[in-house]
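S.K.: turn this into a model:
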Amino acid sequence: MSSKCKFLAIALVFFTILGLWAAASKADVTGSFGIRISLDPIQCQYLEPIHGIIGFPDQPCEKTIWKMDFETSLNVNIAISGLVIGLHSHAGVTGFEDFILTFATTLGALEISDLFVFAQPFAIVTSSDGEDIPTCLESDLGSGSCLTLFVKKRVEA
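M.R.: Numbering: from 1, shown residues only. Take a look at the predicted model:
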């Protein structure tokens, strides 16, 4: 089982338990979800012979290859007796791109907040049509599984 699957399984168990506890304690749960989908054709002049099609520099073509991308955005805040637990994440073709957990509370005159950030490292790859594409770095070369790393933790009081 890859480290990304283990992290996802642990996160799902954590939020299932938290959701059941929030339902039992009548917590205030707010949030939003969004999805962005893009589908772009690659112009004929940029197709490489490895795809079985030779580029046509001055002629449009009807059969081409498509670039597809989607990205979801999830925000959830759970407020329980003055403690606010927040989750913000983006997921796409490579899995979770970032995952941010926040905790905030007020104890008398003291406000305390805690932030955990996990993310995938990426590099910019330029495609044959000149577009810069962010590409995640794999845990093992050829594995098809992207790394998800601990980026930072911040505590403020």
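
S.K.: which parts of the chain are helices?
M.R.: Assigned by DSSP state H, the helices in the chain fall at 3-24.

S.K.: output the below-cut-off pLDDT ranges for it.
M.R.: Across the chain, the ranges flagged by pLDDT under 70 are 1-9, 18-26, 44-63, 129, 139, 142-144.

S.K.: how does it look with 80?
M.R.: Across the chain, residues meeting the criterion (pLDDT under 80) sit at 1-27, 41-67, 93-95, 127-131, 133-147.

S.K.: what about the strands in it?
M.R.: 28-41, 66-80, 83-92, 95-107, 110-119, 122-126, 132-136, 149-156 (DSSP state E).

S.K.: just checking, what packs against the third one?
M.R.: This means strand 83-92. Packing partners of strand 83-92 (3 or more CB pairs under 8 Å, 6 or more residues apart in numbering; DSSP states H and E): strand 66-80, strand 95-107. Every C-beta, even on glycine, is put in place using the N, C-alpha and C of the backbone.

S.K.: deepest of these, which one?
M.R.: For the helices and strands packed on strand 83-92, the largest average neighbour count (mean count of other CB atoms under 10 Å) is found in strand 95-107, namely a mean of 16.

S.K.: in a markdown table: the helices and strands packed on strand 83-92, plus distance to Leu149.
M.R.: Formatted as a markdown table, the helices and strands packed on strand 83-92 follow (distance: least, CB to CB, whole Å):
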| stretch | distance to Leu149 |
| --- | --- |
| strand 66-80 | 19 |
| strand 95-107 | 10 |
